[in-house]
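K.L.:
Structure for the following, please:
(chains A, B, C and D)
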Protein chains: 2
Amino acid sequence: MGTKEKILDTAIDLFSQKGFNEVSVRDITRAVGIKESSLYNHFTSKQQILDEIFQYLSSQYEGMTVSEEEAVSHIEKMSPEEFMEMCLMNFQMYLGNPKLMKIWRIISIERFRNEKANSFFKNHLIDYPLIYQSKVFDTMIKRGLIGSFNPDVLARAFYSFILFIYLRYFEDGGTENPQENPEIQAMVRAHMDFLSGAIKK
Amino acid sequence: MGTKEKILDTAIDLFSQKGFNEVSVRDITRAVGIKESSLYNHFTSKQQILDEIFQYLSSQYEGMTVSEEEAVSHIEKMSPEEFMEMCLMNFQMYLGNPKLMKIWRIISIERFRNEKANSFFKNHLIDYPLIYQSKVFDTMIKRGLIGSFNPDVLARAFYSFILFIYLRYFEDGGTENPQENPEIQAMVRAHMDFLSGAIKK
DNA sequence: GTCTATACTTCGATAGAC
DNA sequence: GTCTATCGAAGTATAGAC
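P.N.:
Prediction:
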């Protein structure tokens, strides 16, 4: 692994624990095993390290957003339960990769101080999922698969709980994989069962 | 207003915008209109300012937690709809006071870096509301006011949405009073109506 | 590309006159 | 209780030898 990659990985590690401002260039270079001045052969500034981390995150989700037609086609062969299961899988895919998980934690820490982080949080973690799920619920209603509810309300009822799990998840460091936490698994399943019952025709 | 109070109010203002580490003692004293050294006649350190802010928050909610018996008695004359309405009012009381609101924003910013902030967030904003609401739902079930659901599931379904609103609320600075935001009001009401229908016997 | 050495800035905090 | 003056520590970043 090249030095630049090592710096990036180390920075992700440290930033995700304490935050950008709380980690010094000295901290990073000490952990990597080089002198401070060497870091500036790979990055022009400390800020650029964070920028490249965010760029990396961006690149990981490029082309992963789904068009309206695709959203509709997704549910053609799915029950509401299967759809919610799929949403859950998507969410866990976001959080299942340890490196991406750390970057999402950086986003959570920095979102009040960094406009780009706030934008990531808002777009990827709030707005887009709600829009996507609302469309799917809307299609389900029109096809008579579920009762006649406001699809936006259903999407918020479903997704706000997922975000709640995300919130709790980072409470105690968020190092553990949520897929392997049976307590979280049980809560998510119970919530989905409750909603499935509530939206039946 | 005494100098010490002026310092506290100014610090609350500044910390809630950028975070504790991002605001210097010089920033605070400049905004107050005194020299840095004068600040140390009122506080022994910058850290102590934050400690006193948290202490103030603590004092505001002292004795406001409710015992199990009280929780049960609360719903004796209430419909589920009225109860959820009450919860909403409580939540807005937390956020309705501009000064307290700023401090809650500080808590949100600092919770990844400050153990006390994290503890406030976890206890007041997550654990306690869930425990309280679960007990109330449990009582409702036993009295036959609502269907036979798992009360923990109901509490999470209800409260995770409230937290979702809280989350969105701080997105764009969170300066506005949510009670006066008609869009938020409509979302909360729609969610409560949906849940009311879902938990009917 | 990495090192030693150092420049420059900002920070929290203190001493002591008034 | 406020001021002027200043300190030491820690931060980012650069120059130049190897």
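K.L.:
CA atoms for contacts and neighbours, from now on please.
P.N.:
OK.
K.L.:
which ones are touching A:L163?
P.N.:
A:L125, B:S160, B:F164 (Cα atoms under 8 Å, 6 or more residues apart in numbering or on different chains).
K.L.:
mind running it again at 7 Å?
P.N.:
For A:L163, no contacting residues are found, by Cα atoms under 7 Å, 6 or more residues apart in numbering or on different chains.
K.L.:
And the helix or strand hosting it, what's buried?
P.N.:
Counting by DSSP states H and E, the element that carries A:L163 is helix A:151-169. By neighbour count on 16 or more other Cα atoms under 10 Å in any protein chain shown, the buried set for helix A:151-169 is A:151-167, A:169.
K.L.:
care to break chain A down by domain?
P.N.:
Domain assignment of chain A by automatic domain parsing yields the ranges A:3-51, A:63-198.
K.L.:
how about the ones you listed in CSV, adding mean pLDDT and distance to B:V72?
P.N.:
Formatted as CSV, the domains of chain A follow (pLDDT from 0 to 100; distance: least, Cα to Cα, whole Å):
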stretch, mean pLDDT, distance to B:V72
domain A:3-51, 98, 41
domain A:63-198, 87, 24
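K.L.:
ok, which residues in chain A are in contact with chain B?
P.N.:
A:K18, A:I109, A:F112, A:R113, A:V153, A:A157, A:S160, A:F161, A:F164, A:A190, A:H191, A:A198 (Cα under 7 Å from any Cα of the partner chain).
K.L.:
and the gap between A:E81 and A:K135?
P.N.:
Here A:E81 is placed at a distance of 16 Å from A:K135 (Cα to Cα, to the nearest Å).
K.L.:
ok, the two, which is more surrounded?
P.N.:
More neighbours surround A:K135 than the other of A:E81 and A:K135, with 19 against 14 (other Cα atoms under 10 Å in any protein chain shown).
K.L.:
Against which helices or strands is the host helix or strand of that one packed?
P.N.:
A:K135 belongs to helix A:128-142 when elements are defined using DSSP H and E. With contacts taken as 3 or more Cα pairs under 7 Å, 6 or more residues apart in numbering or on different chains; DSSP states H and E, helix A:128-142 sits against helix A:68-74, helix A:151-169.
K.L.:
Which strands or helices does the first one pack on?
P.N.:
Right, the one you point to is helix A:68-74. helix A:128-142.
K.L.:
Can you tell me what sits against the helix it packs on?
P.N.:
By Cα under 7 Å, 6+ apart, the list of residues contacting helix A:128-142 reads A:A71, A:V72, A:I146, A:G147, A:S148, A:P151, A:D152, A:A155, A:R156, A:Y159.
K.L.:
with the residues you listed in mind, which one is nearest to chain B?
P.N.:
For these, the closest approach to chain B (Cα to the nearest Cα) belongs to A:R156, at 7.3 Å.
K.L.:
Spit out the contact partners of that closest one.
P.N.:
A:R156 neighbours (Cα under 7 Å, 6+ apart): A:L130.
K.L.:
Return the residues of chain A in contact with DNA strand C.
P.N.:
Contacts of chain A with DNA strand C, taken as Cα under 7 Å from any atom of the strand, map to A:T3, A:G33, A:I34, A:K35, A:E36, A:S37, A:S38, A:L39, A:N41, A:H42.
K.L.:
Okay, helices next: where are they in chain A?
P.N.:
For chain A, helices defined by DSSP state H occupy the ranges A:3-18, A:25-32, A:36-39, A:46-61, A:68-74, A:80-96, A:98-110, A:115-120, A:128-142, A:151-169, A:182-198.
K.L.:
Now distance to B:D27 too, for those helices, in a markdown table please.
P.N.:
Putting those into a markdown table (distance: least, Cα to Cα, whole Å) gives the following:
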| stretch | distance to B:D27 |
| --- | --- |
| helix A:3-18 | 23 |
| helix A:25-32 | 24 |
| helix A:36-39 | 29 |
| helix A:46-61 | 22 |
| helix A:68-74 | 49 |
| helix A:80-96 | 38 |
| helix A:98-110 | 21 |
| helix A:115-120 | 21 |
| helix A:128-142 | 38 |
| helix A:151-169 | 32 |
| helix A:182-198 | 43 |
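K.L.:
Need these in TSV (columns: distance to DNA strand D).
P.N.:
Below are those laid out as TSV (distance: least, Cα to the nearest atom of the strand, whole Å):
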stretch	distance to DNA strand D
helix A:3-18	11
helix A:25-32	4
helix A:36-39	4
helix A:46-61	4
helix A:68-74	43
helix A:80-96	28
helix A:98-110	15
helix A:115-120	18
helix A:128-142	33
helix A:151-169	28
helix A:182-198	36
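K.L.:
closest one to B:I53 among the ones you listed?
P.N.:
helix A:98-110 (20.7 Å; Cα to Cα).
K.L.:
and the closest one, how far from the chain's centre?
P.N.:
Distance of helix A:98-110 from the chain centroid (Cα atoms, centre = their mean, to the nearest Å) equals 8 Å.
K.L.:
and the residue nearest the centre of chain A, how far is that from B:I146?
P.N.:
The centroid of chain A falls nearest to A:Y94 when counting by Cα atoms, centre = their mean (4.9 Å). According to Cα to Cα, A:Y94 and B:I146 sit 37 Å apart.
K.L.:
do the same with A:L130
P.N.:
29 Å.
K.L.:
Between those two, point out the one with more neighbours.
P.N.:
A direct count of neighbours by other Cα under 10 Å for A:L130 and B:I146 places A:L130 higher, at 23 against 20.
K.L.:
B:I103 versus that one, what's the distance?
P.N.:
Distance of A:L130 to B:I103, given as Cα to Cα: 29 Å.
K.L.:
before we move on, what about A:G144?
P.N.:
Taking Cα to Cα, one finds A:G144 at 47 Å from B:I103.
K.L.:
among the helices and strands packed on helix A:128-142, which is nearest A:A117?
P.N.:
Nearest to A:A117 among these is helix A:151-169 (15.9 Å), distances taken as Cα to Cα.
K.L.:
How far does the closest one sit from its chain's centre?
P.N.:
With Cα atoms, centre = their mean, you get 13 Å for helix A:151-169.
K.L.:
Could you check the angle that helix makes with helix A:128-142?
P.N.:
Helix A:151-169 and helix A:128-142 meet at an angle of 140 degrees, taking axes from the mean of the first three to the mean of the last three Cα atoms, to 10 degrees as the criterion.
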